[in-house]
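*Asks:* predicted model and sequence follow; I will ask about them next.
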Amino acid sequence: MDYKTPRSVEEAVDLLTTHTGAAHLLAGGTDLLVKLRAGMAAPDLVIDLKSIPRLRGIESSPSGFRIGAATSCAEIGEHDGLKAAWPGVVEALKLIGSTQIQGRATLGGNLCNASPAADSVPALIAAGAVCEIAGPAGTREVPIENIVTGPGRTALARGEFVLAFRLPLPRARSGDAYLRFIPRTEMDIAVVGVGVAVTLDASGVCAQARVGLGAVAPTPLLVADAARALIGSRVDAQALNALAKAVSAACKPIGDKRGTIDFRIKVAGVLARRAAQTALQRAKAT
Amino acid sequence: MSKHHVTTTINGDPAEFLCSTEQTLLDVLRDVLYLTGSKEGCASGDCGACSVMLDGRLVCACLVLGVEAQGKRIETIEGMAHGDKLHPLQQKFLEHAALQCGVCTPGFLIAAKALLERNPDPSETEVRYWLAGNLCRCTGYDKIVRAVIDAAKEMRAA
Amino acid sequence: MNDITNQSVLERHLKIVGTRPLRPDGVDKVTGRAQFGADIHLPNMLVGKVLRSPHAHARIKSIDISKAQALPGVKAIVTAADFSDLPSEFIPAGEMMVNFRDMTRNIMAREKALYEGHAVAAVAAINEAVANQALNLIEVDYEVLPHVMDVDEAMAPDAPLLHDNMFTIGVEPKPAKPSNIAKRVEFALGDLAAGFAKADVVIEREFLTRPVHQGYIEPHACVARVSEDGQAELWCTTQGQFIVRGFCAKLLGMEVSKLKVTPSEIGGGFGGKTVVYLEPLALALSRKACQPVKMVMSRTEVFRATGPTSGARMWVKIGATKDGRITAADAVLKYQAGAFQGSPVQPGCMCAFAPYDLENVRVVGYDVVVNRPKVAAYRAPGGPIAEYAVESVIDELALRLKLDPIEFRLKNAAKEGTKAAYGPKFGPIGLVETLKAAREHPHYATPLKKNQGRGVASGFWFNIGGDTCATLNLGEDGTVSLVAGTPDIGGSRASLAMMAAEELGVPLDKIRPSIGDTSSLGYNFLTGGSRVTFSSGMAVVEAARDMVRQLRERAARMWEVPVDSVIWEDGCARIAEAGVAEFKSMSLAEIAKTAGKTGGPIVANAAINATGAGPSLATHVVDVEVDPETGKVTVLRYTAIQDAGKAVHPSYVEGQMQGGAVQGIGWALNEEYIYDAKGRLENPGFLDYRIPVCSDVPMIDTVIVEVPNPRHPYGVRGVGETPIVPPMGAIANAVAHATGVRFTELPMSPPRVLAAIDTAAATR
């Protein structure tokens, strides 16, 4: 197994497209090294993206935030501006693994590992994140909810990788929140994950909403019906019940060692209600 | 496949070693450099017994490739005491009987040190959540948490 | 003579025993210097790896190692052909019995692979990569057989059999056909029918628990070095170096004295390191290769192929009068043994009703083989499982009778003189004291909020004594080297040094304790059964008292007085009579300095079979909160109260209570082995085998009660195991009080709890 550290996007694209064997990208390594040890991945080339400046760091500008895909969650979690603007996104990515995992894990890895249970993805979906993707044909942008196509599979073509995640500045009277269910208090893969983002109009009625779901289908989901349950309402008890119902209806979970089908469907609705309430409070506070 | 030649800094001293791509930093520390203070409990990042600092960040050495240590600054348990002076955390762990078998202890000490460097006055909840990535099967965590809080108090007073 | 009377000691003012000094091995542990099983490197060392069965049950038709053998860098390969087939012979390993015929097969499969992960071959090579490659080149021809995973399944008349020669022991007449039931045991007292007839309320329930693993953070590891002349050294993480020596010598056909076993520091055992897995394989490989061989298990191997404890199905029936007196108790316990006989069902039966004073009681147990790894001891083996069931029914009875759970237990508590279901009459025990302490504890009076519940449970464990040797060597400067033979898994070498220092009347830092290898001491039974502070303590005290006798003799010789006129006080020899004109005093250091002239080196050895271990009883109180919409259980507050007899080092007694309680919390809420339909383990890692993490639990408050054990010089009772006995019952009771639903299945993971809450709500 060989190991290379490209210093630029072009170099990385070139390596990926010209390598004839099996190449694997490395950012934080918290998924890849586990797979290597378990024999579930056996590349002959590991391409370490962490030396490419365009993949590292967080920029904030009047148009929003740009988070390099190979930035560690620990670093992202310390960004005051992002925490204030998108608390749901930050609390989601800070739930990925332990403090040690946080020191290495990246959004690029969390997304492209393509586990249905990835913690950052439902929150990024709710926030309307967009991915900057580099490839042999140049760069393109894809809404995050279109990246994962199945467990372990993404829409990225050969030679492509995620450069960065872009988030807009939140509108006035907006709030987002992420909740996940795990059996312990830490260290578990999400059994259910729900991200909710709402924007209220001047009179306190929900004008916009997005709801992301994780761990309840083969991919993370953007649930339009759930958003519709909130839009036009004051996010009151009735709307929350409709939200929970819509979320539960959207679930297509499996039963496994982490949760039964019935459990996931029920708890998805419960968490959606609770996350929406937190998002609402945050929207009212801005 | 020839090995990588890596130069790095470990506990303030220059270090160099040869490793294959597959070897993790933990493999290198233990089997190549004979720094066996960092322990392997799971090799999958679930137990924290291999906790080290990498460029000032708390990480699991089993989830870092040896070759990634190139040019970096690594701190392990072997560097925690200064000469014969134990770090306050090490001393408090002894005073509070915060270890029984001791195999998880190096990982906890490195993790707790990283916490106190960022947050010198953590609450019990903050301590518990920061240390959630370090498993202990002997102590039930009670005396560990007390030792960390007591060490924090002593370090703030110093 | 090992019954040391302790009356005078108990009345003595103790200077060291009962205090909290720093442990002597502590600095090495907090600096990473201490060497655990995998920390040793020897020159010219090979790496050993094991090939394991992917099938839960399969006949092994052939094994072809030729391609692996031809791989450059492979130095040795072993299979069952390299080990003799040993005849059936039972010997103790801790508190369980092991059988050599079974052990030969467990370390390396012979006719059949009996569980997924069962070792089939082992390889030693120049590095890990070559060893792994070699494993892939070994060709095993398996004939896959149907498998059984659950006791009821395995006990069914047409169940696939694991062993053709298993005829249930303990059944009259002896069965004509073999089965998967290795043994039936029964303990009974009195007249059950009459007892139930007297009861006003009878409750009977069935329970299911699943296998759990001891969860030690350090995987099994060893280094073996065998010379061309057959002498061998073994470094390994173990709870018993003498046990390992004995097992390996037998398995390899070696003489015991040719094998020196050195115990490393041990990263947790809890009973799981009282048997051998890698050690005989490493020795066999090293014997072939004539190079040292190091073998370390991966975490997945630990879960798949070591010794979790039993899952069980149980039935418990208890009757009581309306004023709260239990009149009869009956139970049937069916425990999984794993692939070979030997579950802890017998101690489970003995333990089940032990906290209670019962006239009419019966417990029947079945030891059942299933296609899972062979179970090993796990902290009070068998006890926590049975007591979860019993304490749940006790709680339900108390509720039905409208009695406070502690009052109900006090009305029926075993005391000194109570006859246990399994035979003996108890000496002094502290159950009543722990119940009263629980009742008076501020925890018990704290009000509860909505969705919160409080649970109480009591627990019992016998504790053992056993063969123990210890040596005290007096150095020329008066400092003492203490060599004990029981590996230190929880801080015990500090307690041993404290007892020696107390006896000798010197400061603690004058005693340096170490754990000896098998060539430096006489035979020691393993660390287990909560026996070290009791047995090694007893041996150390006996040795110390012998050393004191020798020191008095030397002083008497130097002063030319009769030895009876010399006393030992505060680390010095003194003349006993008051008013002697010349006050004479000689310190330990002074006597040591001239030892060569007064008779030679001063050494004290003790070799005992420690008897008189006293049971340790406990009561735990726990508050939980249950989220009614998700089924998640949060432990809010936990108080563990236990009788330690005498807490030599209270911090380490507290540590045992806290550690055992948290293991019990994991067992109650989230830990379980999950197998797929093919009998393959789905969660062989800490990600999905969910032990409690730091943020899962609160502080564990402890109260140490001391009802001294009269058979130990300091009144010590073993304390290590009892703490894991009450938690599951206490938590199940707390969850029942929080939700109104009784949980008869463990673990109470959120999906199960939510489903039960929802079902109960629907039927209301």
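*Replies:* Great, that's in hand.

*Asks:* got the domain boundaries for chain B?
*Replies:* Chain B breaks down into these domains under automatic domain parsing: B:4-79, B:88-157.

*Asks:* quick one: residue C:639 is in a strand?
*Replies:* Yes. Counting by DSSP: H, G, I helix; E, B strand; the rest coil, residue C:639 is found in a strand.

*Asks:* and the pLDDT at it?
*Replies:* Residue C:639 carries a pLDDT score of 98 in this model.

*Asks:* what does the one 5 residues further on give?
*Replies:* Residue C:644 carries a pLDDT value of 96.

*Asks:* surely it is in contact with residue C:652?
*Replies:* No. At 10.1 Å, residue C:644 does not count as touching residue C:652 under the criterion of CB atoms under 8 Å. All C-beta spots, glycine's among them, are computed from the backbone N, C-alpha and C.

*Asks:* thinking again about what came up before, figure out which of the domains of chain B is closest to chain A.
*Replies:* The closest of these to chain A is domain B:88-157. By CB to the nearest CB, the value is 2.3 Å.

*Asks:* start and end of that closest one, how far apart?
*Replies:* The first and final residues of domain B:88-157 sit 12 Å from each other (CA to CA, to the nearest Å).

*Asks:* could you pull up the residues touching residue B:48?
*Replies:* Contact analysis of residue B:48 by CB atoms under 8 Å, 6 or more residues apart in numbering or on different chains lists A:98, A:100, B:41, B:60, B:104, B:107, B:108, B:111, B:131, B:133, B:134, B:135.

*Asks:* restricted to helices, list the residues you listed.
*Replies:* Among the contacts of residue B:48, the members falling in helices (DSSP state H) are A:100, B:107, B:108, B:111.

*Asks:* identify the farthest-apart pair in those.
*Replies:* Within the ones in helices among the contacts of residue B:48, A:100 and B:108 form the most distant pair, 11.6 Å apart (CB to CB).

*Asks:* report the longest strand in chain C, please.
*Replies:* The longest strand of chain C (DSSP state E) is strand C:326-338.

*Asks:* show me what that strand pairs with in its sheet, parallel or antiparallel.
*Replies:* strand C:312-320 (antiparallel), strand C:361-369 (parallel) (DSSP bridges).

*Asks:* how much distance is there from that strand to the middle of the chain?
*Replies:* Centroid separation for strand C:326-338 versus its chain: 21 Å, with CA atoms, centre = their mean, to the nearest Å.

*Asks:* and for stretch B:82-101?
*Replies:* Stretch B:82-101 has its C-alpha centroid displaced from the chain centroid by 14 Å (CA atoms, centre = their mean).

*Asks:* then stretch C:21-28?
*Replies:* Distance of stretch C:21-28 from the chain centroid (CA atoms, centre = their mean) equals 23 Å.

*Asks:* and for stretch A:133-141?
*Replies:* When distances are taken as CA atoms, centre = their mean, stretch A:133-141 is centred 20 Å away from the chain's centroid.

*Asks:* what residues of that stretch count as buried?
*Replies:* For stretch A:133-141, the neighbour count (16 or more other CB atoms under 10 Å in any protein chain shown) marks A:133, A:134, A:135 as buried.

*Asks:* for residue C:615, phi and psi?
*Replies:* Note on residue C:615: its backbone torsions stand at phi -60, psi 150 [degrees, to the nearest 10].

*Asks:* and if you look at the one 4 residues further on?
*Replies:* The phi and psi values for residue C:619, taken as degrees, to the nearest 10, are phi -130, psi 130.

*Asks:* what of the one 5 residues further on?
*Replies:* The phi/psi pair for residue C:624 (degrees, to the nearest 10) reads phi -130, psi 160.

*Asks:* and it, what does it touch?
*Replies:* C:452, C:453, C:455, C:633, C:634, C:635, C:636, C:731, C:734, C:735, C:738.

*Asks:* change it to 6 Å
*Replies:* With contact set as CB atoms under 6 Å, 6 or more residues apart in numbering or on different chains, residue C:624 has these partners: C:453, C:633, C:635, C:734, C:735, C:738.

*Asks:* again with residue A:81
*Replies:* Taking CB under 6 Å, 6+ apart, we find residue A:81 in contact with residue A:60.

*Asks:* which SSE is it in?
*Replies:* When elements are assigned from DSSP states H and E, residue A:81 belongs to helix A:80-85.

*Asks:* which stretches of chain A form helices?
*Replies:* Counting by DSSP H, chain A has helices at residues A:9-18, A:32-38, A:73-77, A:80-85, A:87-93, A:99-102, A:107-112, A:120-127, A:224-230, A:237-250, A:261-285.

*Asks:* most tightly packed of the ones you listed?
*Replies:* With neighbours taken as mean count of other CB atoms under 10 Å in any protein chain shown, these reach their highest mean count in helix A:120-127, at a mean of 31.

*Asks:* what about it, distance to the chain center?
*Replies:* Averaging C-alpha positions (CA atoms, centre = their mean) puts helix A:120-127 5 Å from its chain's average.
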